[in-house]
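Colleague: Give me the fold of what follows.
(2 chains)
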Protein chains: 2
Amino acid sequence: MADLAIGIDIGGTNIKSGIVSRERGDVVKSISRETASDPESISATIRSCVEELIESGAVPQTDLKHIGIASPGAVNTKSGVIFGSSPNIPGWEGTNLKDIVSEFGLPAYADNDANAAALGEAMFGAGPGCKDILYVTIGTGVGGGIIIDGEVHHGVNYGAAEIGHMIIEPGGRQCGCGNRGCMERYASITGMMITAREMLGGRKSGKLYDSIGGNIDKLQPEMITREFKGGDPIAFEIIKAQAEALAQAVSGALNLLNPAMLIIGGAISESGPEYINFLSKSITDKTFPAVSEILKIVPAKLGGNAGTVGAACLGWVS
Amino acid sequence: MADLAIGIDIGGTNIKSGIVSRERGDVVKSISRETASDPESISATIRSCVEELIESGAVPQTDLKHIGIASPGAVNTKSGVIFGSSPNIPGWEGTNLKDIVSEFGLPAYADNDANAAALGEAMFGAGPGCKDILYVTIGTGVGGGIIIDGEVHHGVNYGAAEIGHMIIEPGGRQCGCGNRGCMERYASITGMMITAREMLGGRKSGKLYDSIGGNIDKLQPEMITREFKGGDPIAFEIIKAQAEALAQAVSGALNLLNPAMLIIGGAISESGPEYINFLSKSITDKTFPAVSEILKIVPAKLGGNAGTVGAACLGWVS
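Modeller: Numbering: from 1, shown residues only, chains lettered A, B, ... in the order given. Purely as a prediction, here's the structure:
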């Protein structure tokens, strides 16, 4: 009898769900829906995804052992309650994730989305066989997940692994958390775009500038990573600023945790080996020798499935 | 029958040793010797301390259950071997700490000095009852120890908790580790004195300046903390720079680990509540709200005994 679970990954844009196999960590059947703007509609969407997956006939219903949910925000993994604000989902705070799916009668598990993705990568992505991992995902913000001895490190208040809010520039760019100079304001896609606009404003030439025809509103993140690979000096400076901001916080985290592996996830990690190699060097240069000499730095492997697979994994380690 | 152990704390200046009671964590009998400059003499001093403690008659010899050794540098706690350089003890690398005391026929334990002090504070100092602690000690450098679920977090290469080498100022002051801008180059006593010399050079007035009669070589760390309490503006600026440097790295560590308690140790932590309160505010201001709202920040309690007590504790958690 197969061991399968339903994983649900609640994103600001889409709710991804799927049936995940414990044997290979692959998504046997998946359903994606747009994320509604109010908590009740999101809960209804989650239930309809679960129902559809169960009814799909893709696998025998008795093989589905549990439901795992990954969500933005801090998640009390015992109670399933979201606390702390989730800027992308107004009113989401206070929601009990486990309650949303209680009607299906399966054991339910819940965690923060970056923690779940870290676990997914650890079990079935870039990290199988490795039990001590720092996972960093670069997107709208910068999220983190810490795996120690095969388990997610949550901290005493489910607030651990907030790597994006490590301060790298005292008095620097204002962050949504209330502080200034948080790493994610420089190293996230959002942060990189702010840097790009600053730099392009001052340098009105080069391939990157030409590609937007002087119209800064046309700039897309992919253009920057493409021209970085192509050798454009401004694109290089933008990526360098992004990589060094990330490296400053990540090297600090590595010096504290001394993990065996660093996994870099999120869209930017898929832009090719040039970027990962450049970033790896920035990180290694800033890390204490005893820590960096045994460290493997690798790109994430599960891509957009990391959250769904990771959510399913929550029930396989609990 | 009492449960007692011998703890040995190898410092750059002194080797402190003592008989520690498991019941209360107090030092029943202690011996301190100057640290010699070569590894063989240090080993001989350690053996003579152990012999003297055993022969002292302070406790029945059969009550002594083990010997614990705390040393600068990265320590492989399984083998007992020091690796990585220890700037204060040339040639110390490669020494097997457990072998030094093998002739006494007692089980031997070894760890890095900051890790041992963290454990000592956790079990018998500021932290009893608390199982998730970040310990930071401010001395010549800045050391750290991480306690997760009651145990020292060593990392996969015994290199964890290197909080002093988190980079806070890219391209900043040169550090002995090879990098630039490490936190300890600003927040250690050494770092604070560099800042003080820079600031006093530019500001030739005020109580602090007067107290050294314009002779910068007369400046002592205690003068700075004393005049800080007294309200001298330059002393305030010096302490502010030290505290903010420490706070930047420590807040990052707190955001990653989300511990229940932060313990501040080292000589500077004994300079009174004014400093601890000022530092606490700097740290809290820079820390993610979900992490800071449950955090207790407290000064260390064991003072100069933290290493000796912590070394003895190594055998009580193994």
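
Colleague: So for chain A, the centremost residue is which one?
Modeller: Using CA atoms, centre = their mean, the residue of chain A that lies closest to the mean C-alpha position is residue A:137, 3.9 Å off.

Colleague: Return the set of residues that bridge with it.
Modeller: Beta-bridge pairing of residue A:137, defined through DSSP bridges, involves residue A:143, residue A:265.

Colleague: So which residues of chain A form helices?
Modeller: Defined through DSSP state H, the helices belonging to chain A, from first to last, are A:39-55, A:97-100, A:113-124, A:184-187, A:189-202, A:207-211, A:221-230, A:233-257, A:273-286, A:289-292, A:306-317.

Colleague: Now find how far off-centre stretch A:149-169 is within its chain.
Modeller: From the chain centre to the centre of stretch A:149-169 is a distance of 13 Å (CA atoms, centre = their mean, to the nearest Å).

Colleague: Now that stretch: buried residues?
Modeller: Burial within stretch A:149-169, assessed by neighbour count using 16 or more other CB atoms under 10 Å in any protein chain shown, is assigned to A:152-169. Glycine gets a C-beta too; all of them are placed from N, C-alpha and C.

Colleague: Intersect these with the contacts of chain B.
Modeller: Intersecting those with the contacts of chain B gives A:153-163, A:165-167 (criterion: CB under 8 Å from any CB of the partner chain).

Colleague: got the residues you listed as a markdown table, with pLDDT columns?
Modeller: A markdown table is the format used below for those (pLDDT from 0 to 100):
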| residue | pLDDT |
| --- | --- |
| A:153 | 98 |
| A:154 | 97 |
| A:155 | 97 |
| A:156 | 97 |
| A:157 | 94 |
| A:158 | 95 |
| A:159 | 94 |
| A:160 | 97 |
| A:161 | 97 |
| A:162 | 95 |
| A:163 | 97 |
| A:165 | 95 |
| A:166 | 97 |
| A:167 | 97 |
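
Colleague: Can you tell me which of the residues you listed lies closest to chain B?
Modeller: Closest to chain B out of those is residue A:155 (2.3 Å), distances taken as CB to the nearest CB.

Colleague: which residues does that closest one contact?
Modeller: Neighbouring residues of residue A:155 by CB atoms under 8 Å, 6 or more residues apart in numbering or on different chains: A:161, B:132, B:257, B:258, B:259, B:291.

Colleague: just checking, the residue nearest to the centre of chain A touches residue A:302?
Modeller: No: with contact defined as CB atoms under 8 Å, residue A:137 does not count as touching residue A:302 (10.8 Å).

Colleague: so what sits against both of these two?
Modeller: Common contacts of residue A:137 and residue A:302 (CB under 8 Å, 6+ apart): A:117, A:265.

Colleague: Quick check: buried residues in stretch A:202-213?
Modeller: By neighbour count on 16+ other CB under 10 Å, the buried set for stretch A:202-213 is A:206, A:208, A:209, A:211.

Colleague: where are the low-confidence patches of chain A?
Modeller: A:1, A:87, A:318 (pLDDT under 70).

Colleague: what residues go with each domain of it?
Modeller: Under the assignment named as automatic domain parsing, the residue ranges that make up the domains of chain A are A:4-125+A:304-317, A:133-300.

Colleague: Those domains: which one's closest to residue B:34?
Modeller: Minimum separation from residue B:34 across the domains of chain A (CB to CB) falls at domain A:133-300, 28.5 Å.

Colleague: What segments of the stretch 1-150 of chain A are strands?
Modeller: A:4-10, A:14-21, A:27-34, A:64-71, A:74-75, A:82-83, A:108-112, A:133-138, A:142-148 (DSSP state E, counting those that start in this stretch).

Colleague: then the first one to PDB, C-alphas only?
Modeller: Taking Å, rounded to 0.1, in the frame of the first residue of the first chain, the C-alpha atoms of strand A:4-10 are listed here in PDB:
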ATOM      1  CA  LEU A   4       0.700   9.400   0.200                       C
ATOM      2  CA  ALA A   5      -0.200  12.700   1.600                       C
ATOM      3  CA  ILE A   6      -1.800  16.000   0.400                       C
ATOM      4  CA  GLY A   7       0.400  19.100   0.500                       C
ATOM      5  CA  ILE A   8      -1.000  22.600   0.300                       C
ATOM      6  CA  ASP A   9       1.200  25.700  -0.300                       C
ATOM      7  CA  ILE A  10      -0.600  29.000   0.300                       C
END
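
Colleague: Run the angle between it and strand A:14-21 for me.
Modeller: 160 degrees (axes from the mean of the first three to the mean of the last three CA atoms, to 10 degrees).

Colleague: chain center to strand A:4-10: distance?
Modeller: Taking CA atoms, centre = their mean, one finds strand A:4-10 lying 16 Å from the centre of the chain it belongs to.

Colleague: Show me which residues of the stretch 101-250 of chain A sit near chain B.
Modeller: Residues of the stretch 101-250 of chain A that fall close to chain B, judged by CB under 8 Å from any CB: A:132, A:144, A:146, A:148, A:153-163, A:165-167, A:170, A:177-179, A:244, A:248-249.

Colleague: can you pull the contacts of residue A:47?
Modeller: Residue A:47 makes contacts with A:100, A:101, A:103, as judged by CB under 8 Å, 6+ apart.

Colleague: Mind doing that once more with 7 Å?
Modeller: The contact partners of residue A:47, by CB atoms under 7 Å, 6 or more residues apart in numbering or on different chains, come to A:100, A:101.

Colleague: Relative to residue A:15, how far out is it?
Modeller: Spatial separation of residue A:47 from residue A:15 under the definition CB to CB, to the nearest Å is 11 Å.

Colleague: now residue A:96
Modeller: Using CB to CB, we find residue A:96 at a distance of 17 Å from residue A:15.

Colleague: which one of these two has more residues nearby?
Modeller: residue A:15 (23 against 15; other CB atoms under 10 Å in any protein chain shown).
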